[in-house]
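Peer 1: Turn this into a model:
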Amino acid sequence: MKQLLRKLVFPYTYSSEAYVKALRNKYNIDIGENCMIWSPNKVYIDIQRPHLLHIGDYVKITSGVNIICHDYSRSVFMSVPGYENVGEARETYIGDNVFIGMNSIILMGSVIGDNCIIGAGSVVSGKFEKNSIIVGNPAKKICSLEDYYRRKKEQELNSAKLFVKKWHEKYGRYPSINEMTNAFSWLYVPHTLENLQENSNLFNYNGINDEIFKNNYLNTKPQFETYEEFLIYCKKE
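Peer 2: Residues are numbered from 1 along each chain as shown. From the prediction side, this is the model:
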């Protein structure tokens, strides 16, 4: 009933799938496959110049994001004596596998390469090469995707231990493997195709390339043989 009401009130933004479909078919935006838009009724994607906007495959757009394809600041010129109208047009381009953090603004003419992460609250203008971490106002590249990955990988086990510790402090017990969610499942679930199929709830991710994900998973190994071994490790710390 709730979903039906949302569909009636927000016919094009009641879900990510509905918004992507509307952008592609109703507004003629060039948007790729397997894109994910969280809180679509809180996202603004400029439809005034659809031929000047490209959004690639596997793009993740979070709540409060604005993607802009025009600039009406020229209106100021026309109220200043002696000034003429000055038109402007630039393509706004977002590559494949890009994550756009909450409340970020992508300004007209921005070019964002593949595999980029844009930090929350960033104001993006200009050209950014692929595999970049982009943060700030004005947004700047702060490091490469590889550097960011290595840093996050080094911190992963401490993050998992913190999750367990705080859960225990709050609830007086240790979390089940399902309560750990899909965030840390690679640490302690054997990397087999059988486990992917039997424990789909632990490997349910939005906006990713399934083929690459499976290859990465099956060609790596967990740090712990079982979830119980992982919990024993956390309890010792």
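
Peer 1: quick one, domains of the protein?
Peer 2: With domains defined by automatic domain parsing, the chain comprises 2-137, 147-236.

Peer 1: pLDDT of the last one, averaged?
Peer 2: Average pLDDT, domain 147-236: 95.

Peer 1: gap between that domain and the chain center?
Peer 2: In this view, domain 147-236 has its centroid 19 Å away from the chain centroid, taken as C-alpha atoms, centre = their mean, to the nearest Å.

Peer 1: Most tightly packed of the domains of the chain?
Peer 2: Among the domains of the chain, domain 2-137 has the highest mean neighbour count (mean count of other C-beta atoms under 10 Å), at a mean of 17. Every C-beta, even on glycine, is put in place using the N, C-alpha and C of the backbone.

Peer 1: What's the mean pLDDT across that domain?
Peer 2: For domain 2-137, mean pLDDT rounds to 94.

Peer 1: Show me what the lengthiest helix in the chain is packed up against.
Peer 2: Ranked by residue count under DSSP state H, the longest helix found in the chain is helix 145-171. Applying 3 or more C-beta pairs under 8 Å, 6 or more residues apart in numbering; DSSP states H and E, one finds that helix 145-171 contacts strand 132-136, helix 227-236.

Peer 1: Could you identify the helix or strand that succeeds that helix?
Peer 2: Next helix or strand after helix 145-171 toward the C-terminus (DSSP states H and E): helix 193-198.
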